[in-house]
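Peer 1: fold the following.
(2 chains)
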Amino acid sequence: MKLWDLQKNQHALITAMSSSINDEVIHRLHEMGLDINNPVLCVKRGPMGGPIVIQLGDSVFAIEHNLASNISVSVIKD
Amino acid sequence: MSSSNILLVGKPNSGKSLLFNQLTGMRQHVANYPGVTVEIKRGRCNEFNVLDMPGTYSLKGMSKDEYVAIDEISRAMSDENTRLVVCVLDATRLERSLVMGLQVQKLALQHDKTLLFALNFIDELTRIGESIDVNALSVALGSPVLGISARTLEGIHEFKTAMLGIAANPSSSKIDELAISDKSVIEQSKNLNKRFGLQKDVILRDQNRIDSFMLNSWFGGLAFIAVMFVLFQSIFTLATPLMDGVENGIGFVAQLVTHYLPKGIVSDFLSDAIFAGLGSFLVFVPQIMVLTLIIGILEDSGYLARAALMCHRPLSFFGLSGRSFIPYLSGHACAIPAIMAARTIESPHKRLITMLTIPLMSCSARLPVYALLIAVLVPANQSFLGIFNLQGAAFFALYFMGIVMALLVSQLLNRFLPKDFEQTDMPFILELPTYRLPHWKPLFQRVINSAKQFIVKAAPIIFWVSVAIWVLGYFPLNSTLENSWLSVIGQFFEPIFTPMGLDWRYGIAILVSFLAREVFVGALGTMFNMDNAEDDVAGLANRVQADGLTLGAGLGLVLFYVVALQCVATVAIIKGETGSSRLAWGVYIAYALLAYAIAVLVNTLF
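Peer 2: Numbers count the residues shown, from 1 in each chain, chains lettered A, B, ... in the order given. Below is the predicted model:
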């Protein structure tokens, strides 16, 4: 399942990041806490079809479709 | 006066600017044009200079504004006058701010500089019954940490004392190299956060609750429209009395000065060239200040990030980014800070398109031109659909036209502008900051700086244009306007303006406004033998109407002003930001041709 497919309030773990993502971007994502095995929470599906809003640890980020669809996650059942 | 510096670094929204204001008081100096976080502010705290470095999310940049910020931080770090580096951390987002904080610490160590951490927003932790063990965190980091609240001033006095003490004797508090681990800063931040950070996400839960409304497609959309409506309303309603005040003030001084001078060339020069010229642009200053204030409130409250997010999808359709929204918005005051603000756009291609289309936003210099031509073309005191004032609706239509044109041109540029494959296109990643009540001090500084910078940039051009028009219209001595040098030039160029349905008088006013469009009203006033056209737009409108301007020509003329890029200061800034003078002048000529084509077309159709 891709990060982009998460539904509102779903918790997930990052499982893989596509090798097509540019190195600088990967580095920034790691700094943001978006890394394999880290938890992620979907705060909101994109307003007006726009970027998805996710919570990573202590911060909230919006990420656009072409990046979020290159990151794989697995949903944590609660 | 010593030249020892203290650097302030930190992420955007870490409260760094407010801390700077609290440390240095209200006297400060901006070294660059105030856009969004691209300037370095300099202030004094006792015997030290405090430099507020531009905010960046990381010391590894992704966009132009970050590259600029990182370059400046590195340069300042290697400066031998730098005594101390203060890194501001956000106590409510400890892990993320430590990633940047540890990067700064490593850089400081490389340059053999001393570091002090300011852990800001501790008041927000206290409010939810939490705290951070600052002493243990200091030991773990190997650099002193002090808890502060720049807003409530909690801990500021102690912080200032400690900061000045360390800056006076930096070697007393060197970075403890034993504390520096060889783990990556990301892993280290994670571990430190586990030991010291907030374990509950109370603050984020509140933020997310507000966002589920603000980012809702329906409610959020309505809120967005409401915010934009209030913004544009206040540009007019709040700024109008201030603008009248400026006009009256200049009129009063002009009268006072000319009253005591004998009639003749000097008095004519002062009243018609200097005061009329000054008046025609000082009058925009209140508007720029009001717009800067509102954008500042929106940014500091955290709403601007949400607005950019809401706009991302619709703007992507035209080849733009959600971040293009902020420069577009400030372009309605003045294109110059707006083009600088485009630096925050992550993708170089989208940034270029945004910069090239910002000049189509109806900046405040177009306002008097719109005011004049609407007064000529649209009957006053009539309503549109029974509720809107017809002239008000016409204003709105012109603003709207500018935005539509910008989106159309963006779409074209996106399709036909060659992409630079050397530069990778960065994806849209946006941090949503906590909603906070803006503090007046940084806002006040921003507003004052916007006014100062506008005056400094615009004054020389306006001055020389006013002087040149006056000289050409005044000489040969004792001539009337019809046989002045200005008229000779105007009649030479008249054939260009005939297809627009305009004669040489309009031609001259249009030609001179290619330097700066705000001179149009004053210049046209001179052509219609009015000394004070800026102060009496209604009077000039009556004369133009009586002179028989046709509907087609008038409509064409106003649309010409919507599209044409008549501002050499904007060309200069595009050249500065893109590094290409061919591109900058190309845009200038292209918009002039497009504007001309539209005006001629409208004149033939109506």
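
Peer 1: just list the residues touching the residue of chain A found nearest chain B, thanks.
Peer 2: The minimum distance from chain A to chain B, using C-beta to the nearest C-beta, falls at A:Gly50 (3.6 Å). In short, each C-beta sits where N, CA and C put it, glycine included. Going by C-beta atoms under 8 Å, 6 or more residues apart in numbering or on different chains, A:Gly50 touches A:62, A:64, B:309-310, B:312-313, B:322.

Peer 1: inside strands: which ones of those?
Peer 2: Among the contacts of A:Gly50, DSSP state E puts A:Ala62 in strands.

Peer 1: possible to save the contacts of A:Gly50 as JSON lines with neighbour count and pLDDT?
Peer 2: What follows is the contacts of A:Gly50, written out as JSON lines (neighbours: other C-beta atoms under 10 Å in any protein chain shown; pLDDT from 0 to 100):
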{"residue": "A:Ala62", "neighbour count": "27", "pLDDT": "94"}
{"residue": "A:Glu64", "neighbour count": "23", "pLDDT": "92"}
{"residue": "B:Leu309", "neighbour count": "28", "pLDDT": "92"}
{"residue": "B:Met310", "neighbour count": "26", "pLDDT": "91"}
{"residue": "B:His312", "neighbour count": "26", "pLDDT": "92"}
{"residue": "B:Arg313", "neighbour count": "17", "pLDDT": "91"}
{"residue": "B:Gly322", "neighbour count": "27", "pLDDT": "92"}
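
Peer 1: quick check, nearest of the contacts of A:Gly50 to B:Ile288?
Peer 2: Of all the contacts of A:Gly50, B:Ile288 sits closest to B:Gly322, with 24.3 Å by C-beta to C-beta.

Peer 1: next, work out how far apart the closest one and B:Asp176 are.
Peer 2: Relative to B:Asp176, B:Gly322 is positioned 42 Å away (C-beta to C-beta, to the nearest Å).

Peer 1: try B:Leu437
Peer 2: In terms of C-beta to C-beta, B:Leu437 sits 37 Å off from B:Asp176.

Peer 1: more neighbours: the two, which one.
Peer 2: The residue with more neighbours, out of B:Leu437 and B:Asp176, is B:Asp176; 14 against 9, by other C-beta atoms under 10 Å in any protein chain shown.

Peer 1: can you count the residues close to the closest residue to that one other than its chain neighbours?
Peer 2: Distance criterion C-beta to C-beta, 6 or more residues apart in numbering or on different chains; nearest residue to B:Asp176, sequence neighbours excluded, is B:Gly142 at 3.4 Å. Per other C-beta under 10 Å, the neighbour tally for B:Gly142 reads 17.

Peer 1: and B:Ile186, by the same measure?
Peer 2: Other residues close to B:Ile186 by other C-beta under 10 Å number 18.

Peer 1: return the residues in contact with it.
Peer 2: A:30-31, A:35, B:99.

Peer 1: B:Phe514: which of these is nearest?
Peer 2: Of all the contacts of B:Ile186, A:Glu31 has the smallest distance to B:Phe514: 47.0 Å, by C-beta to C-beta.

Peer 1: make sure the closest one is actually in contact with B:Leu98.
Peer 2: No: using C-beta atoms under 8 Å, A:Glu31 makes no contact with B:Leu98, being 10.6 Å away.

Peer 1: so which of those two has more stuff around it?
Peer 2: Legend: neighbour count by other C-beta under 10 Å for A:Glu31 and B:Leu98, higher for B:Leu98 (27 against 21).

Peer 1: the more buried one touches B:Ser189, doesn't it?
Peer 2: Yes: using C-beta under 8 Å, B:Leu98 is in contact with B:Ser189, at 3.9 Å.

Peer 1: select the longest helix from chain B.
Peer 2: Under DSSP state H, the helix in chain B containing the largest number of residues is helix B:440-474.

Peer 1: report the buried residues of it.
Peer 2: Applying a neighbour-count criterion of 16 or more other C-beta atoms under 10 Å in any protein chain shown, one finds B:441-443, B:445-451, B:453-455, B:457-458, B:461-462, B:465-466, B:469-470, B:472-474 buried in helix B:440-474.

Peer 1: and if you look at stretch B:375-394?
Peer 2: Buried residues in stretch B:375-394, counted by 16+ other C-beta under 10 Å: B:375-378, B:391, B:393-394.

Peer 1: tell me which of those fall in strands.
Peer 2: Per DSSP E, the buried residues of stretch B:375-394 never map to strands.

Peer 1: Throw those residues into JSON lines and include pLDDT and distance to chain A, thanks.
Peer 2: Listed next are these as JSON lines, based on pLDDT from 0 to 100; distance: C-beta to the nearest C-beta, whole Å:
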{"residue": "B:Ala375", "pLDDT": "86", "distance to chain A": "39"}
{"residue": "B:Val376", "pLDDT": "89", "distance to chain A": "40"}
{"residue": "B:Leu377", "pLDDT": "90", "distance to chain A": "36"}
{"residue": "B:Val378", "pLDDT": "86", "distance to chain A": "35"}
{"residue": "B:Gln391", "pLDDT": "80", "distance to chain A": "33"}
{"residue": "B:Ala393", "pLDDT": "82", "distance to chain A": "27"}
{"residue": "B:Ala394", "pLDDT": "87", "distance to chain A": "30"}
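
Peer 1: of the residues you listed, which is the nearest to B:Leu601?
Peer 2: Nearest to B:Leu601 out of the buried residues of stretch B:375-394 is B:Leu377 (C-beta to C-beta; 17.1 Å).

Peer 1: circling back to that earlier point, in helices only, show me the buried residues of stretch B:375-394.
Peer 2: Per DSSP H, the subset of those in helices is B:375-377, B:391, B:393-394.

Peer 1: how about low-confidence regions in chain A?
Peer 2: Applying pLDDT under 70 to chain A flags residues A:47-48, A:78.
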